[in-house]
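Colleague: Give me a model of this one.
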Amino acid sequence: MWTLRIHCATYRKFYFYNYCVNSIQRTFCYKPNSKISTLFENAAYQEIPKSQIYSVLSPLGDVVVSIDDFRILGKNLHPMNTSFWPVLLDYSTAHDCPKLRKSLTDYILNDKCEHSIATLIKTLKSLVIQKRYTDFRSLYAELLLRLTPIEKKVFQYDLFKLLARTPFWRETLEMIPLLETLRYDVSSVYTKEKEAIHLVSQLFQIMHTHQWIITYKVAKYIQDWFTNLKHERWVGNMHAKINRGYMCSKCNQSLSPPDMSQFPLSQMADTFHETVIKGTNIENLYLTATSDEVITLKQFLDSQTEPLDCIIDFLNLMNIRKFRFCESSGSFVAEVIRQINKDFNLRRFCLVSKGIGIVRRPEFWNPIKMLGNQLGISVHKFCTNAKSEDDAFLLYMAMKSGPQCYIVSNDEYNNHRYSSGPKLGKQISRWQSLRQLVLQPHGRSIYQKPSKCDLCVHGSLETGWHIPYYDGYKKFHTAVDSWLCLRRLE
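Modeller: Model (predicted):
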């Protein structure tokens, strides 16, 4: 009896399947829209497997279906069969049917409230494929309002991936704290490892272009992903350092030296002077300095017979290293200058500070002058008013001095970079990574040396990659000296 029931059920399904195919061949191809509702409704109501639905629909080719036809179909569908629309959307994508896909998408957008969350998420995917980003943004916003907190957790990965494929990808950063797992295993989606590696290679190229720096945790995920590949052998080493000669401490491969010609420093300095020091409108005119100071600054730079090699943030140095403001302060500063001269062979220094008394005392300068006579170096000072922004003068002087000039400070200069505008701010940030000695508050090391190479992804799929990352809790945007070394084994 049980066998007979199975036979009857199977017969009914395959009878219906054959009926649909014959119906399409006889009538449907001549009148594309006349029986599409009946055909789709029967296919959905009978719960034919997806593969058979695809077979039933494939003879249709790519057709335009009106919104009214879809609405009639929606009324005839079995109430429990909410998965039919996602299957139909998948069909239109898998069989490259842009007309059917657009027709179906338009219908769903017109009757959003009638459809399940799964259908709307599939529709978002279809909108991405069609590059209808305005419609995507509207539907995405409505969907977020509709989802409950629990549903957001369930669908967070789907939404995250779809949003990342649109011009609104920056908004995915707001969703990162909601994610329970901060990675996505590409190999679980792409069955071929070569395809997955190719996509990761494209991601690294984007990271190189925008000079993104990742965290230790993300670098560890990347290392694990490559070393766990099944069909290709890769080795990944954390904590790689770039030594002299731009060589990796793990694989001895040479990285490209920094190209300082990428920084039009004279132009950068002039723009910084107009936007930050002088100000561009009445609200911020001479906000960081007085007009007399601007004139004094120009006279000071014009008086230099040679460009300066190193600009030191004096107050920052004293506070970070906890030097006492006393007569012996000059000895502390002299030792810092001695170390910088030893490490970088710099000879023309300038202390920039607010006009505090200690810098004006002869006792302060005696050990510094003695050091200058020993090493053949010169040390100047430039003092600002107590209310002025000495940091702005420091940055301007360093940029104006040229590509060989370094700055010594623990300050990131966020306010000045943001005030100078997005383009110049980004240039200053990259320049800092190569020319700023970041003061260290503790330990024997006075400062962390700047990067020897551009802080970006180096390499290719053929040669392997070197990826900079933040190692530790302090994310000073230029203090990065840890690299992930990835290379393929033969």
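
Colleague: the strands in the chain, which residues?
Modeller: 214-215, 234-240, 310-313, 348-354, 378-384, 406-408, 436-439, 447-448, 458-460, 464-470, 482-488 (DSSP state E).

Colleague: Is it possible to get CSV of those strands that adds mean neighbour count and mean pLDDT?
Modeller: For glycine as for every other residue, the C-beta is placed from the backbone atoms N, C-alpha and C. CSV is the format used below for these (neighbours: other Cβ atoms under 10 Å; pLDDT from 0 to 100):
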stretch, mean neighbour count, mean pLDDT
strand 214-215, 16, 88
strand 234-240, 17, 95
strand 310-313, 25, 96
strand 348-354, 22, 92
strand 378-384, 19, 91
strand 406-408, 25, 96
strand 436-439, 24, 92
strand 447-448, 20, 90
strand 458-460, 18, 95
strand 464-470, 22, 94
strand 482-488, 22, 95
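
Colleague: how about CSV for the ones you listed, with distance to N415 added?
Modeller: Below are the strands of the chain laid out as CSV (distance: least, Cβ to Cβ, whole Å):
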stretch, distance to N415
strand 214-215, 24
strand 234-240, 33
strand 310-313, 14
strand 348-354, 16
strand 378-384, 16
strand 406-408, 16
strand 436-439, 16
strand 447-448, 22
strand 458-460, 31
strand 464-470, 22
strand 482-488, 27
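
Colleague: any idea how far A269 is from F393?
Modeller: Note on A269: its distance to F393, by Cβ to Cβ, to the nearest Å, is 11 Å.

Colleague: which residues touch H416?
Modeller: Contact analysis of H416 by Cβ atoms under 8 Å, 6 or more residues apart in numbering lists 272, 276, 389, 391-392, 395, 428.

Colleague: any idea which of the residues you listed is least confident?
Modeller: By pLDDT, E389 ranks lowest within the contacts of H416, coming in at 78.

Colleague: And A269 and F393? Which one has more around it.
Modeller: F393 (26 against 20; other Cβ atoms under 10 Å).

Colleague: My guess is the more buried one contacts K298. True?
Modeller: No: taking contacts as Cβ atoms under 8 Å, F393 lies outside contact range of K298: 11.2 Å.

Colleague: could you list every residue that touches the residue nearest to the spatial centre of the chain?
Modeller: Closest to where the C-alpha atoms of the chain average out (Cα atoms, centre = their mean) is W212, at 5.3 Å. Neighbouring residues of W212 by Cβ under 8 Å, 6+ apart: 206, 456.

Colleague: now do 10 Å
Modeller: Going by Cβ atoms under 10 Å, 6 or more residues apart in numbering, W212 touches 203-204, 206, 218, 455-457, 467-468.

Colleague: which two from those residues end up farthest apart in space?
Modeller: Farthest-apart pair in the contacts of W212 is L203 and L455; separation 17.0 Å (Cβ to Cβ).

Colleague: And the two? Which one has more around it.
Modeller: Ranked by neighbour count (other Cβ under 10 Å), L203 and L455 place L455 first, with 23 against 13.
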